[in-house]
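S.K.: Next input, structure requested:
(2 chains)
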Amino acid sequence: TAGITQAPTSQILAAGRSMTLRCTQDMRHNAMYWYRQDLGLGLRLIHYSNTAGTTGKGEVPDGYSVSRANTDDFPLTLASAVPSQTSVYFCASSAQGSNYGYTFGSGTRLTVV
Amino acid sequence: GENVEQHPSTLSVQEGDSAVIKCTYSDSASNYFPWYKQELGKRPQLIIDIRSNVGEKKDQRIAVTLNKTAKHFSLHITETQPEDSAVYFCAASKGTYKYIFGTGTRLKVLA
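M.R.: Model (predicted):
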């Protein structure tokens, strides 16, 4: 089934450790996004990529990095996790950017202790 | 700066009644307005969208209206059912790199 896959589903991470959240799509969408969702704060954009080889910062990029080596994959890395990064992380993709609907992954629930 | 205000934050309706969620945007250059439904513990899913050259769009029990002059758009759900219970997010985009999301409306349909 075509779509967007995130891994892991959930993770408990010790503060100070690094972690990479994986995101893969098979729809050949050009644009990809990482959002975090905290209770009561809706969806906040961390980083985005309009096309393979390019990335940009969103509203809350500090403490996170991304890469877009190819069309399908858009990993999100936390270099040194802190408790405030406890959140649900959603990856999303769009065929042609923000003038089209997004397809979201199923999310990664991350707890930093 | 760019902003999307969404109201109400919570909404309870009786099964079979209609529900209306309203969003106001600040950037007059916005030209694409999607709506997402997020069930508890699930991913957001696109349910309907509208572009600035259209005033209204319907899909079965769901409709979206757009008033460009007033810079607001609304989601209308008729004949609500328990499975409509979810958080609904509006968004606005002007074709740059991102949406501006609203803060969400928690809809509860009471049986």
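S.K.: so what's residue A:33 up against?
M.R.: For residue A:33, the contact set (C-beta atoms under 8 Å, 6 or more residues apart in numbering or on different chains) comprises A:45, A:47, A:48, A:49, A:58, A:91, A:92, A:93, A:94, A:102, B:98. All C-beta atoms are positioned from the backbone trio N, CA, C, and that covers glycine.
S.K.: 10 Å - rerun?
M.R.: Residue A:33 makes contact with A:23, A:43, A:45-50, A:56, A:58, A:66, A:74, A:90-94, A:97-98, A:102, A:104, B:97-99 under the criterion C-beta atoms under 10 Å, 6 or more residues apart in numbering or on different chains.
S.K.: Give me the PyMOL select line for those residues, limited to the buried ones.
M.R.: Entered in PyMOL, the line below selects the buried ones among those, by 16 or more other C-beta atoms under 10 Å in any protein chain shown:
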select buried, (chain A and resi 23+43+45+46+47+48+49+50+58+66+74+90+91+92+93+94+97+98+102+104) or (chain B and resi 97+98+99)
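S.K.: Identify those among the contacts of residue A:33 that sit within strands.
M.R.: A:23, A:43, A:45-49, A:56, A:66, A:90-94, A:104 (DSSP state E).
S.K.: Now the two most distant members of the residues you listed.
M.R.: A:56 and A:104 (18.9 Å; C-beta to C-beta).
S.K.: For chain A, give me the ranges with low pLDDT.
M.R.: A:1-2, A:40 (pLDDT under 70).
S.K.: which residue is nearest the centroid of it?
M.R.: Centre of chain A computed as the mean C-alpha position; nearest residue by C-alpha atoms, centre = their mean is residue A:34, 3.0 Å away.
S.K.: Give me the contact list for the lowest-mean-pLDDT helix or strand in chain B.
M.R.: In chain B, the helix or strand scored least confidently by mean pLDDT, DSSP states H and E is strand B:100-101, which has a mean of 92. With C-beta under 10 Å, 6+ apart as the test, strand B:100-101 has contacts from A:35, A:42-45, A:59, A:98, B:1-4, B:6, B:23, B:25-27, B:30, B:34, B:36, B:44, B:89-94.
S.K.: Those in strands, which ones?
M.R.: Under the assignment DSSP E, those contribute A:35, A:42-45, B:4, B:6, B:23, B:25, B:34, B:36, B:89-92 to strands.
S.K.: Buried members of those residues into PyMOL, please.
M.R.: The buried residues among those can be selected in PyMOL (16+ other C-beta under 10 Å) with this line:
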select buried, (chain A and resi 35+42+43+45) or (chain B and resi 4+6+23+25+34+36+89+90+91+92)
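S.K.: Specify which member of the ones in strands among the contacts of strand B:100-101 is nearest to residue B:105.
M.R.: For these, the closest approach to residue B:105 (C-beta to C-beta) belongs to residue B:6, at 6.0 Å.
S.K.: okay but the closest one is in contact with residue B:21, surely?
M.R.: Yes. Residue B:6 lies in contact with residue B:21 (C-beta atoms under 10 Å); the separation is 6.9 Å.
S.K.: Which neighbours do the two have in common?
M.R.: Residues touching both residue B:6 and residue B:21 (C-beta under 10 Å, 6+ apart) are B:75, B:88, B:89, B:90, B:102, B:104, B:105.
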